[in-house]
Structure formats: structure tokens, C-alpha cells
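Novice: fold the following for me, if possible:
(chains A, B and C)
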Amino acid sequence: MNRGGRQSGLSLAEFAARLRLVDHHVHGAFRGPLTRTAFEESLNEGSTGPVPSGTTSFDSQLGFAVRRWCAPLLGLPAHAPADDYWRQRALLGEQEAAARLLPAAGVDRWIVDTGYGGDLLLSPAELAGAAGGTAYEVVRLEALAESLAASMAAEGATSGRGYADAYRDLLRQAAAAGAVGLKTVVAYRAGLDLDWSAPDPDAVRRAAGGWLARCAAEPAGEPGGPAGAGTGGAQQEGPRLTDPVLLRFGVHCAVEMGLPLQIHTGLGDRDLDLHRADPMLLLGLLRQPAVAAVPVMLLHCYPYHRQAGYLAQAFDRVYCDVGLAVNHLGARSAAVVAESMELAPFGRLLYSSDAWGPAELHVLGAALWRRAAAAAAQSWVDAGDWSEPDARRVLTMIGRDNALSAYGL
Amino acid sequence: MNRGGRQSGLSLAEFAARLRLVDHHVHGAFRGPLTRTAFEESLNEGSTGPVPSGTTSFDSQLGFAVRRWCAPLLGLPAHAPADDYWRQRALLGEQEAAARLLPAAGVDRWIVDTGYGGDLLLSPAELAGAAGGTAYEVVRLEALAESLAASMAAEGATSGRGYADAYRDLLRQAAAAGAVGLKTVVAYRAGLDLDWSAPDPDAVRRAAGGWLARCAAEPAGEPGGPAGAGTGGAQQEGPRLTDPVLLRFGVHCAVEMGLPLQIHTGLGDRDLDLHRADPMLLLGLLRQPAVAAVPVMLLHCYPYHRQAGYLAQAFDRVYCDVGLAVNHLGARSAAVVAESMELAPFGRLLYSSDAWGPAELHVLGAALWRRAAAAAAQSWVDAGDWSEPDARRVLTMIGRDNALSAYGL
Amino acid sequence: MNRGGRQSGLSLAEFAARLRLVDHHVHGAFRGPLTRTAFEESLNEGSTGPVPSGTTSFDSQLGFAVRRWCAPLLGLPAHAPADDYWRQRALLGEQEAAARLLPAAGVDRWIVDTGYGGDLLLSPAELAGAAGGTAYEVVRLEALAESLAASMAAEGATSGRGYADAYRDLLRQAAAAGAVGLKTVVAYRAGLDLDWSAPDPDAVRRAAGGWLARCAAEPAGEPGGPAGAGTGGAQQEGPRLTDPVLLRFGVHCAVEMGLPLQIHTGLGDRDLDLHRADPMLLLGLLRQPAVAAVPVMLLHCYPYHRQAGYLAQAFDRVYCDVGLAVNHLGARSAAVVAESMELAPFGRLLYSSDAWGPAELHVLGAALWRRAAAAAAQSWVDAGDWSEPDARRVLTMIGRDNALSAYGL
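Specialist: Model prediction:
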């Protein structure tokens, strides 16, 4: 329990600003180059279509936050007009913009979900190269299943036999290759209001057979829609897994692996039935003894972050964050970070940006979280509720140490 | 993009105080005169019965706000005791009280829902006459259906044939007569947890036949309960539409008209199943391409206003407000207005009072919204998150320009 | 309407600090002695198991609040380290710790739920003896049913005949013995998403027969799990009532008695399906005329406290509190108390701690509520929204007078 006497000359805001973070759920930055249209679409996580004509994604809390926090990193005054911002960003190019933005995040461990975006994005190693720090990979369960289905269907192996074993093999290979966690987007594919029991082997075989037969009947590699900003939703090509039996099978296989399991809850794009992504709907899963043995990370959670805090209090290895929301709420992120610090034990809160695409999002998440968490803690220190050493210790736990411990880094 | 250099000497509070508003969802003020009982009942939107004995509606955030903001407009000190307030109001009479209160709202466009309250309330033209500005009408889908049913049943036309065509004709007549929008209270009548597909013509005919037959079998014009403060709920007389097929039919006809569609969500009176008025339950409607082509205004939303913000971000023509809540929350309205400024793009937030009855509510909504929105914006300017010109621009968008554009005024 | 001129020299914080409270929902304090493990488990209401190794319940808002508010009462500096706190507490012993903590709550009426914890806890009279003030009893409907079932099953009376009459007799005896209210934890046993109609006598007899037969077939008095901190959940021994018919029967019998009815909603331990404890799910009960005739107290409510406020506004005899949450949220309790003061009429808000076990919880609830309510009121007085006499009056209503009136004390 380091009570941090060393930093006692620093305000909490300064302390938080210097803290090296673990971003425990993030995606790659764009490989670039980018059109203004694609950039603006990437600022609206919710909408999966083009920005409506006559409007701009800059007119949002996120857009204002980009102009306030990122403009100075690109050599412009804070609050530079949107047109100026885009012009400067285009002038610098994606690579140079990223080189200025990413290191400013002050993150030294990036835990990267590689399951969506493919070649559009920097790989974990490339992200760490551009941003500094070390990158780790989280493997997305549904993407793994879909790549398996594509190859089995291509080989004409459509009976469903062998699917379960092959899927488990792929998970073991991912772990052997160094994956530090697994992630599910079952919230997008079927909602969280599932029967969470483990499906029996016959049911898995039958469901796999049905899916593989459909995959084989469709031309492989057909293009999905345009790449939106959504990070959990539509596949860009190939078979799409929506069968509840196979989705549940994937989650139970993940639990068998013993790796930390990230679960998308709350906020996402319009493909998501938000109210069916309430983390409370995971109760039937979290109560299973096998699940209680692995760390479970509830991602995003907003606007159900209080419910997530309840689960973190109730279940010994459940963690939660307000990633994605921190970015999209901009000036309001301070309020939501404070709300997330209610029921959840301090040892079960994590930092993440859930940045995907524009490097602005990788740095903004960090800047907004530092500011929000320090402001909340400072207000409690000022009111006499917390001691300052406690505040520094809690900021370090949430920003860094909880993730190091949960992922065993 | 007027960056408002002209107003640069004004604080945001002063800027907001001078902004001429569009109240995009409001009802008429009482034609008067009023008993104290009726006045107090009108202050409790939630309860549909009399104020419990030994208590007073003044003992609420709304009651305190009336005494603080309206007492000075009636010539009393702020926080004048409830009894003094009522005595002065009664002395002035409804017309004089309204003449003092309504213009203080600083609203120059009133978009008036005429579907509930009838002769108790000023007409749109009378409201504009007393308050200043211009009034526009929004037609309530269920009220239109009920007037059609009453006349068809009176004529013995109870087969259901002709209902669909006659309903569409009435909508076209409403549009031709200048209605700028349509409104549905399906949340009150069946909940929002509906199958939102368009019903087929046969189903509509059968449902209409059943309803019309029931209407013909009942004495027409039977009185409903006492006029409560509820603005969405009980009909005062005649047939009441609760059939889900006909309710859905109404909504789909409205969408065909291309006019902005207001949808009651969230807060209402005790007749409402609040949890079945969560705007997330509209997903199945909002995802339909025909619906995406018209502006959809989510009204009230509280306590699901964060969910409404998610929908406004996800769907390109979805707007939201926190009308009604702004009034009833009084001193707490500042917090809720700030919460409404999270995910929703700034171009998709609207101001409304949802005032119904006492002229206090027409002015309070405006006063509380101005104060709340300016305070939120000022706090972000002070923290360096927003620039002051941006803040003025956003206040103008929410208070006025978004509605002018969405309703094509 | 005492406008409190007498106290006009006091700040609202001082006024609130001196206010003698009614804690309208509380449990006994530990009879002691206590291990550190048991103490820490009692600080985590949500988790029903042991504190995970390597962590401490002190690392939470509640733990920080204990160190800040209770350490000085035990002779330590505020924010004393957890180890120091525990050492001092153990040194003093449970009785002496309670003797220092309990009177500091400044509560002069304790309304005690005796339905969970049995001999582990001080009786109401013992609590009042240690804390000062007067204690009253609230009888838990399910505990009464379970004691009845145990004795009927032991006598071989398993037909179900006689159960209904005997249950009503027990309720009458409880009222005759001075119970001031009844409480249901149906949220734990079946969720609040019930058909809330009164079951018919045959259905009750059949359900009772089934349950009694099961009770007779099981060894009586079998131990439940370890005593957790949960105050609503697992029985420690004997038959457990989960049959929805008998649960509903209990609630309807309670309503017949005319006593105030406390209903657990919202926050509880991991045995609870939190989303099925949303107070909105009580609509079908609250709309019944018989229920409208008795005071109904919605307990806890968090994170659905805004929904609870809606119900308090909509139904004339519905009250609500944010007990339990006030303690567990520590520094954040101020925000949640303010949120609870939105729609609910001021005459329908109550104070409770829901303390169970450690005497820290009895005093913390009071300290945190006083601070939170005074801070909210002060902010509104400072902004000109409320007058100071009104603020004092509302604090007195919520902290004391509403409960005195509702329970007829």
C-alpha cells in the first residue's frame, strides 16, 4: 500500500496527468489516409450511416472535446474551428497526426481488441510503435468463430462435427500466441437476455451444422456495408455469427480457458438493442461457479454503469469501466466517471478508451479520464471525505494497477 | 454559423435570458377561472386524483419554483407563502395572471398540441394573443381517430370499411390546415413495447370494425373522470382508442404524411406504465426506412433521457427534449438538462415546456431551461472545455434554431 | 408550518446536524464480538461470500466513509488506516464501540425490521438502550410465514387448510403487540414482476399445502449458508418461502391490516435480480384501491430512485427513501440524495439507514444523509431557488416528520 509520500507536492490533477495508464480495452488507430467524411463518421459511434447533410459530427460533446484537447497537439489553438482542424489534420497526414496524438495519451500498456476493422487499423505492435508502450492482444470470440466457419465451409465441412473441437483449438492457439484476454459482443448478436447455461454438445453440433451449411451456400467474402465507426457491430465480410447456441458456446469455451473475459455492455451503435445490453442481464452467467473463477470485465456500461457497479460489488471478480462513454461525453465525462465510482469496489474499476480509428480517441480517453477521476477525487479530498494519499492510491488502482493484476501483466 | 460577436459583452446567463425561444411542445393555458383545488391538481402531473388532504402541491420542487419565479411576476416577493400566492393569483383572475406570466416566457413560436383539454384551454391563436409570438398546431393522432370513430359510430358505419381512408383524409386535412406536426400518445394507450410493423389493411379494417361497434354500443359523449393535470392520458369523453393495431396504423399513416412526429416517452401521469415508455422500445419503429425519412421528436424522456440521447446519436432525424421534467424538477432541472447534453448531437436537442393549464408552467419551463442550459454551458466554458462563441451557438440551436429547421418554420 | 425563526442563526448544515431523526428502516446492531472477516463481509452488502483474498472491503466508498466519520468516534484521527481502525475497534469490543457510535446517529426513533439476523443482532429494545431514543418493530411478512410453516409442518398439518387463517392471526397478533409496520422482501423471493392480484383462497390453500409438505419432508432447522451482510436475502435456517402465490397472499393480508407496508426495491445483495426489483414493477399493486388506502414505503430504490420518485408523485400514499445506498455510496451519497429530491413531493420522502450489523452503519447513514440533504438544500438556497425557512422545513419533514405522520407515532 504505497501512500505516495513522494508525490505529495503534486495536486491530484498533476498526479493523474503523470500516471502511466493501462488502456485495457482499445482498438487500433487508422492506418490512413482518411477523408473528412470517414473521419466525421468515426466520431459518431452511434450512427452507422453517413453524417446527415447540413450537419457535422463536430457539433457534439465529442467534437468539442476534439477541438479542445487535440487541436493544441496538432499545433492549433484550443477550440480551433472544425474546418481549420480538419485542414491541419489532412495537411499533416494520418501518420504524422497519429505520431503527435498517440504518445500524448501517456499509456504504457495497450490491451487491443483486434476483432474488428482488420487492415484499416494499425496492428497492436504498430500501435505500440506509434504510441509508445507495450501492446497486448484480446481475441474476439465471434471473429474467431467466423473465421473458423469460413474455412470449414470452404472445405465443405458442413456437418457441424468437429466445430467444437476446432473452436477450442483456436482458443488454445490464441492463448499460446499470447492473448491476454477474450472478448464477446454477444450483446450485438443476440442481446444479453439469453439463457446463459452451457449448451450441450449435440446442440452445438446441430447449430454449427446449420450455420456452416448456410455459410457454404453463400458466396464467401461478400462485402458488408461501409466501414462505420461501430466497433462491435456489423462484420465487414464473410459469415456472421448470430446463433444463440453458438454464441453461448463461445462464451463457455472462453471461461474454460481461464483468461479474463471482456463483455460488451451498454453503449454501442444503432445495431445494438441498448436495453438488451443492460449488464444486469448477465446475472445468469455471473452466478455460475465456473464463471466466478475468471475475471469478467464489463465494458462501456453507460447508461447502465450504476448497475455495473452493483455487479462489481456483488461478484468478486467482476470489473467495470465507462470506456467509450468517456470519449463521447466530452465535457460531461466528469459526471459519468464520478457516477461510476459509487458501488464498485475501488479494486474493480478499470480505465479504457475503447478508441477505434482516429488517434484523437486514443488520447482523448486518457485526457478526459485523468481529468474526471482527479476532479472527483479532489472534490472528496476537499470535502474531507477522502485523504489525499488514499486518492492517489485509488487513481493508481483504477488507471493502472487493477488492470495489471487482473490481466496478469 | 453566427458566432455572435455582437453579444460578446453578455454572460451566457444574460445571453440565454434574451434568446427568443421556440417551445416545440406545449398546450394551451387555462381559460379560467380556477379553484385552488384545480390549480394544485394541475401542479401534480403524476397524480390523477385530488391532492391528499393535509398536503399541498406547493410542497414540491415545482411548487417551490412557482413561488420563486412566478411570485415576482404577480407582484409578490420571491418565495411568497403558498397562501399569499394563491390569494394574489385569485385576485388578479386567470386572464390577468396569464397576461403577466405568459409574455415573460420570451417564446416567439408556440407549437401547440391541441389534443387534450379542449375548451378548458386557450386555443393556439388565443395563446399567441396572450403570450406574444406565433402559434402552430400539432395534431394528436389518437384524438383524430377518436373523433372519427365517434362520427362513424353515430352514423352507424361500424363495419370498419372506410375507416383507413377516412383517417388518412383527416390527416391530409390537418396538414392542409397548417398543422406542423403530429403527435402520438401510444405510450399511454398500449405502451411502447409493441410490434412496430405496419398492420395490413385487413387487420386495420377488422380492428376498426370491432372498435366502431363498441363505440356504437356505448352512449356517446359519456363524461370521463375529472379533468386531471395529465396531458396525455384519460380522454374526457367519447370513445377511447387503445387497440394496438389502430394505434400502430395511426403512427404509420403519420409517417406517410412526412410531417414531424412527436412521440410521448418517459414521464407522465399514473395512467402510464413508465417503464413501458422507455424510448429504447421504439427501436423497431426507428429502424424502418420510412420512419427514418421524417423528423421524430422524443418528448419528455425523463428518467430515460440518456437512452433518448443514445437514439438521437444513432438515428439521423431523431430529436429529444426534457420537457415536463424541466418544470417538475424545479431546482433540480439544472442537473437533468446537463444530463440531456451527453450523447445527443447538439443539432438534435430541443426546448419544450410541455406546459398544460396554469400559465405558470409556460413561463417556468422557459426560465428553468434558460438558467439550466446557460449554467451547464458556463461551467464548460469556465473549465476550458467549450469556447464562449460555441456555447452561444449551441444555446441558440437548442432553444430555437433546431426547432425552426426541424418543423420547417 | 413552523418556519423556524428560532434556528435562524444556524447554517443548514448545523440545522441538519442537530435534527433528531426517525430512522424508518433499520436493523439491529451486532451483539458481537466480531472477527475482522465478519466485519469486512458486513461492509459489502452486495457480495454474499467472503471478501476476495488480497483485497479489503475498506477499499470502497463505504470503507473510506467508515474511516472518515467513525474513526474519530473511536478516538482515532479521521482517515486512520484500515488496520489501525480494526485494531482500535477490536480493542474496544463490540459493546463499547456500539456505545460510542450509536448515540452519535442522533436518531430518536428507530423503526426496526426484526426479520433477519435473529440472535446475531440487538433487539429493538436493546438497540434503543444502546443508542438512545425509542424503538418500534416492523414485522417481515416472509419471516412470519416461514415461522408458521415450520410449526405447522412440525405438527404434521400439511394440507394447507388453516394456513390462511393462521397467517392472518399472526399478523393481528403482531399488530396487537405493537408492530408499526410490515415489510416484504418479495423482490428477493420472486422478483417484483408478478401478477399482483390477490390470489383466491383455493389457490392459497393448494400452494400452502405444497409448501408445508415440502417443509415436513425436509429436516427442520437445517443451516443455511454463512451469515452474510445481506439483509433481505437468504434465510439462515428452516423453510424458505418462494412460492409466488403465498408471497402475494402475504402482501394482500398486510394491506388488509392497514399498517404501513415497506417494500424492498432496488439495491440488495447478489441473490437479488436487481432489474426485477425496479419499483415500476409495483404499478399493478399500487393501482389497487385497497393498496391506495395504506402508506407504502419503497425502500432503497437505487439505482431506480428516480422511478420511485415518479411513483411517490403519482400515488398519494407512496413514500420512498435511498436507505442502504446512502451508506454504500459514501462520498457519492450527496449526489444520490439530491437525485432523490426531484419528482417526489417533499411530504413523501423518508430517511433511513438500512443499517444491519456494524454500528458504524447506524451512525454513517445519519451523518451522510444530514450532510447530503443540507448540502443540496443549501445549494438551492444559495441559488435563490429555495428560501432558508423552506429548506429547514423540508429537512425536518424528510428527516423526521413525514415518518412520524406516516407511521402514526
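Novice: let me see the contact set for the closest residue to residue A:187 other than its chain neighbours.
Specialist: Excluding the flanking residues, the one nearest residue A:187 by Cβ to Cβ, 6 or more residues apart in numbering or on different chains is residue A:277, at 4.1 Å. Using the backbone N, CA and C atoms, a C-beta is placed for each residue, glycine as well. Listed by Cβ atoms under 8 Å, 6 or more residues apart in numbering or on different chains, the contact set of residue A:277 reads A:187, A:191-192, A:264-266, A:268, A:304.
Novice: which strands and helices sit next to the host helix or strand of residue A:150?
Specialist: In this assignment (DSSP states H and E), residue A:150 forms part of helix A:141-154. In this structure, helix A:141-154 makes packing contacts with helix A:163-176, strand A:181-184, helix A:201-217, helix A:244-257, judged by 3 or more Cβ pairs under 8 Å, 6 or more residues apart in numbering or on different chains; DSSP states H and E.
Novice: check those for me and report the most buried one.
Specialist: Of the helices and strands packed on helix A:141-154, the one with the most neighbours on average (mean count of other Cβ atoms under 10 Å in any protein chain shown) is strand A:181-184, at a mean of 26.
Novice: got the CA coordinates for that one in CSV?
Specialist: In CSV, the C-alpha atoms belonging to strand A:181-184 read as follows (Å, rounded to 0.1, in the frame of the first residue of the first chain):
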residue,chain,number,x,y,z
GLY,A,181,-8.0,-11.9,-22.7
LEU,A,182,-11.1,-12.8,-24.8
LYS,A,183,-14.0,-10.6,-25.7
THR,A,184,-17.6,-11.2,-26.6
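Novice: tell me the strands beside it, with direction?
Specialist: When pairing is defined by DSSP bridges, strand A:181-184 lines up against strand A:134-140 (parallel), strand A:261-265 (parallel).
Novice: winner for burial among those strands?
Specialist: Of all those, strand A:261-265 has the most neighbours on average by mean count of other Cβ under 10 Å, namely a mean of 27.
Novice: run through who's touching that strand.
Specialist: For strand A:261-265, contacts defined as Cβ under 8 Å, 6+ apart pick out A:25, A:113, A:138, A:181-188, A:192, A:232, A:251, A:254-255, A:277-279, A:282, A:294-301, A:304, A:308.
Novice: could you export the strands paired with strand A:181-184 as a markdown table, including distance to residue B:56 and mean pLDDT?
Specialist: Listed next are the strands paired with strand A:181-184 as a markdown table, based on distance: least, Cβ to Cβ, whole Å; pLDDT from 0 to 100:
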| stretch | distance to residue B:56 | mean pLDDT |
| --- | --- | --- |
| strand A:134-140 | 58 | 98 |
| strand A:261-265 | 43 | 98 |
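Novice: hmm, back to that, phi and psi next, for the residue nearest to residue A:187.
Specialist: Backbone geometry at residue A:277, expressed as degrees, to the nearest 10, gives phi -110, psi 20.
Novice: over to residue A:29?
Specialist: Dihedral angles (degrees, to the nearest 10) for residue A:29: phi -90, psi 160.
Novice: please name the nearest non-neighbouring residue to it.
Specialist: Nearest one to residue A:29, counting by Cβ to Cβ, 6+ apart, is residue A:359 at 4.4 Å.
Novice: wait, that neighbour sits on residue A:28?
Specialist: No - in this structure, residue A:359 is not within contact of residue A:28 by Cβ atoms under 8 Å, at 9.8 Å.
Novice: which of those two has more residues huddled nearby?
Specialist: Higher neighbour count among residue A:359 and residue A:28: residue A:359, with 30 against 27, using other Cβ atoms under 10 Å in any protein chain shown.
Novice: list of residues touching stretch A:152-161?
Specialist: For stretch A:152-161, contacts defined as Cβ under 8 Å, 6+ apart pick out A:162-163, A:166, A:204-213, A:215-216, A:220, A:239.
Novice: and that stretch, how far from the chain's centre?
Specialist: Stretch A:152-161 sits 32 Å away from the centroid of its parent chain (Cα atoms, centre = their mean, to the nearest Å).
Novice: need the residues of chain A near chain B, please.
Specialist: Neighbours of chain B within chain A, by Cβ under 8 Å from any Cβ of the partner chain: A:44-49, A:52, A:55, A:57, A:59-61, A:64-65, A:68, A:78-79, A:267, A:269-270, A:273-275, A:302-303, A:328-332, A:335-336.
Novice: please repeat the previous calculation with a cut-off of 7 Å.
Specialist: By Cβ under 7 Å from any Cβ of the partner chain, the residues of chain A that approach chain B are A:44, A:46-47, A:49, A:52, A:55, A:59-61, A:64, A:68, A:79, A:267, A:269-270, A:273-275, A:303, A:328-332.
Novice: for residue A:308, give its distance to chain B.
Specialist: Using Cβ to the nearest Cβ, to the nearest Å, residue A:308 is found at 14 Å from chain B.
Novice: that older thread, could you list the buried residues of the helix holding residue A:150?
Specialist: By neighbour count with 16 or more other Cβ atoms under 10 Å in any protein chain shown, helix A:141-154 contains the buried residues A:141-146, A:148-150, A:152-153.
Novice: please enumerate the strands of the stretch 1-150 of chain A.
Specialist: For the stretch 1-150 of chain A, the strands defined by DSSP state E, counting those that start in this stretch occupy A:21-26, A:107-113, A:134-140.
Novice: relative to residue B:91, which of these is closest?
Specialist: Ranking the strands of the stretch 1-150 of chain A by proximity to residue B:91 (Cβ to Cβ) places strand A:21-26 first, at 63.9 Å.
Novice: which of the contacts of residue A:277 fall in strands?
Specialist: Of the contacts of residue A:277, the ones assigned to strands by DSSP state E are A:264-265.
Novice: which one of the residues in the stretch 101-250 of chain A is closest to chain C?
Specialist: Nearest to chain C in the stretch 101-250 of chain A, going by Cβ to the nearest Cβ, is residue A:193, at a distance of 10.0 Å.
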